[in-house]
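S.K.: next comes the sequence, and after it the predicted model I'd like to discuss.
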Protein chains: 2
Amino acid sequence: MSRLEERTINTEKIFTGKVISLQVEDVELPNGKTSKREIIKHPGAVAVLAVTEDNKIVMVEQYRKALDKIIAEIPAGKLEAGEEPRVCAERELEEETGYGCTEMEWLISFYTSPGFADELVHLYIAKGLMKKENAASPDEDEFVNLMEVTLDEAISLLKQQRIYDAKTAYAIQYLQLQEAQKK
Amino acid sequence: MSRLEERTINTEKIFTGKVISLQVEDVELPNGKTSKREIIKHPGAVAVLAVTEDNKIVMVEQYRKALDKIIAEIPAGKLEAGEEPRVCAERELEEETGYGCTEMEWLISFYTSPGFADELVHLYIAKGLMKKENAASPDEDEFVNLMEVTLDEAISLLKQQRIYDAKTAYAIQYLQLQEAQKK
């Protein structure tokens, strides 16, 4: 069992944006040598696997500039400063889909890209969905199309790479596992 | 069905590093207004779910500076320029664990953080593992401890958040699904 930690010698702040910031750290490695680490700081995010009474998965189709692609994802969004993840999950579900819910259960939290970013996604499952009359709207620079798909349709979208991101792939596989464990 | 695409008006390159680069794009939104998108470019990566003859999952424990944490992950690494993902998967498995394999099967590819990064991870499952006599070594700034755990142990590590990243959580759930479907 060898020592693994790296000690920061110097931190250079390169960029601070609306969503992410970037810093480069000079680190001392376990063997005493030095290296550089490029690190993205992110506020963290939530994602919501929302399942309707008739067993459809609620998804949002949106354009992602980083990919230059339109993909279908489960509803998700960034944590606001000091926001509790469960509250953020309820807010994002309402803003992106117009749904409220009676149950919001935490499933798992995971880092998306531990090699270079500290983004932690908290995944919830929402049940007891009902459309809200005066639902909050998405952010003013956010445009989404709502989709409701069966598990089989979601698996097919995954194969076509129209569903193409880690949190959504995890969520769909979670439902597959629940189905398989029922049998 | 509304239009979703955003048109880039201007791209400002902020940083180019060893691993990632950062650019800020001014975009025209579907409603004609403008916004800014902060985008990380990444070369893409592979991850390998390697299962031994006695059904243990091969994992590497490593310190992640971005998280300031030691976590256990399936073997993974960045694509080199022009490198085919399968070749990269074999290389990373050998470098990080000393294992070669007779089978390397593609499972899924997913974007890890589509909101701000174009990192695409290609996940493979490796079988027919055998230790290589003169295995290649990890990168000179990479320090890892090898672990081999049962599926139950991996699930327990997930609950303890010692396994804490999306690709590894997906891989473990994949094995759970395979087990459940066998029954």
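M.R.: That came through fine. Numbering: from 1, shown residues only, chains lettered A, B, ... in the order given.
S.K.: any low-confidence regions in chain A?
M.R.: A:1-2 (pLDDT under 70).
S.K.: at which residues are the helices of it located?
M.R.: A:85-97, A:151-159, A:166-182 (DSSP state H).
S.K.: need the contact partners of the last one.
M.R.: Outside helix A:166-182, the residues that touch it by Cβ atoms under 8 Å, 6 or more residues apart in numbering or on different chains are A:47, A:49, A:51, A:57, A:59, A:72-74, A:76, A:107-108, A:110, A:112, A:121, A:123, A:125, A:151, A:154-155, A:158, A:163, B:108, B:110-113, B:121, B:166-167, B:169-170, B:173-174, B:176-177, B:180-181, B:183. Heads up, the C-betas are built off the backbone N, CA and C, glycines and all.
S.K.: for the helices of chain A, which one ends up most surrounded?
M.R.: Counting by mean count of other Cβ atoms under 10 Å in any protein chain shown, helix A:85-97 has the highest mean neighbour count of these, with a mean of 21.
S.K.: okay, now the domains of chain A?
M.R.: Listed domain ranges for chain A are A:7-41, A:45-182 (source: the TED database).
S.K.: residues in contact with residue A:38?
M.R.: Taking Cβ under 8 Å, 6+ apart as the test, what residue A:38 contacts is A:22, A:24, A:116, B:15, B:17, B:18, B:19, B:20.
S.K.: excluding its backbone neighbours, what's nearest it?
M.R.: Excluding the flanking residues, the one nearest residue A:38 by Cβ to Cβ, 6 or more residues apart in numbering or on different chains is residue B:17, at 4.3 Å.
S.K.: try residue A:65
M.R.: Counting by Cβ to Cβ, 6+ apart, the nearest residue to residue A:65 once its immediate chain neighbours are dropped is residue B:37, at 4.2 Å.
S.K.: could you report the neighbour count for residue A:7?
M.R.: 12 (other Cβ atoms under 10 Å in any protein chain shown).
S.K.: my bad, residue A:63
M.R.: 20.
S.K.: so it sits against residue B:5, correct?
M.R.: Yes: with contact taken as Cβ atoms under 8 Å, residue A:63 and residue B:5 are classed as touching, separated by 5.1 Å.
S.K.: list residues touching both of these two?
M.R.: Shared contacts of residue A:63 and residue B:5 (Cβ under 8 Å, 6+ apart): residue A:70.
S.K.: quick one: residue A:95 from chain B, how far?
M.R.: From residue A:95 across to chain B, the span is 15 Å (Cβ to the nearest Cβ, to the nearest Å).
S.K.: does that residue really touch residue A:137, like I thought?
M.R.: Yes: between residue A:95 and residue A:137 there is a contact under Cβ under 8 Å: 6.3 Å.
S.K.: show me what contacts the residue nearest to residue A:38?
M.R.: With contacts defined as Cβ under 8 Å, 6+ apart, the neighbours of residue B:17 are A:24, A:36, A:38.
S.K.: what distance do you get for the first one to residue B:62?
M.R.: Separation of residue A:24 from residue B:62 (Cβ to Cβ, to the nearest Å): 20 Å.
S.K.: so for those two, which residue has more residues nearby?
M.R.: For residue A:24 versus residue B:62, the count of surrounding residues by other Cβ under 10 Å is larger for residue B:62: 21 against 16.
S.K.: which residues sit in contact with the closest residue to that one other than its chain neighbours?
M.R.: Leaving aside its chain neighbours, residue B:62 sits nearest to residue B:144 (4.6 Å; criterion: Cβ to Cβ, 6+ apart). Going by Cβ under 8 Å, 6+ apart, residue B:144 touches A:4, B:60, B:61, B:62, B:96, B:138.
S.K.: and the residue lying closest to residue A:109 once chain neighbours are set aside, what are its bridge partners?
M.R.: With sequence-adjacent residues excluded and distances taken as Cβ to Cβ, 6+ apart, residue A:109 is closest to residue A:122, at 4.6 Å. Assessed by DSSP bridges, residue A:122 has beta-bridge partners residue A:46, residue A:109.
S.K.: please verify my assumption that residue A:122 contacts residue A:106.
M.R.: Yes: using Cβ under 8 Å, residue A:122 is in contact with residue A:106, at 6.8 Å.
S.K.: need the residues touching each of those two.
M.R.: Residues within reach of residue A:122 and of residue A:106 at once, by Cβ under 8 Å, 6+ apart, are residue A:85.
S.K.: re earlier: may I see the helices of chain A organised as CSV, with distance to residue A:42 added?
M.R.: Formatted as CSV, the helices of chain A follow (distance: least, Cβ to Cβ, whole Å):
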stretch, distance to residue A:42
helix A:85-97, 14
helix A:151-159, 25
helix A:166-182, 14
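S.K.: figure out which of the ones you listed is closest to residue A:130.
M.R.: helix A:85-97 (10.9 Å; Cβ to Cβ).
S.K.: strands of chain A, start to end?
M.R.: Remark: strands assigned in chain A by DSSP state E are A:7-16, A:21-28, A:34-41, A:45-50, A:57-64, A:69-73, A:76-78, A:99-111, A:120-131, A:144-149.
S.K.: next, the angle strand A:69-73 makes with the fifth one.
M.R.: Direction vectors for strand A:57-64 and strand A:69-73, defined by axes from the mean of the first three to the mean of the last three Cα atoms, to 10 degrees, enclose an angle of 160 degrees.
S.K.: ok, residues contacting strand A:57-64?
M.R.: A:49-52, A:69-75, A:93, A:96-97, A:99, A:129, A:142-151, A:154, A:163, A:168, A:171-172, A:175, B:4-6, B:111, B:114-115.
S.K.: buried only: go through those for me.
M.R.: Buried by 16 or more other Cβ atoms under 10 Å in any protein chain shown: A:49-51, A:69, A:71-75, A:93, A:96-97, A:99, A:129, A:143-144, A:147-149, A:151, A:154, A:163, A:168, A:171-172, A:175, B:6, B:111, B:114-115, out of those.
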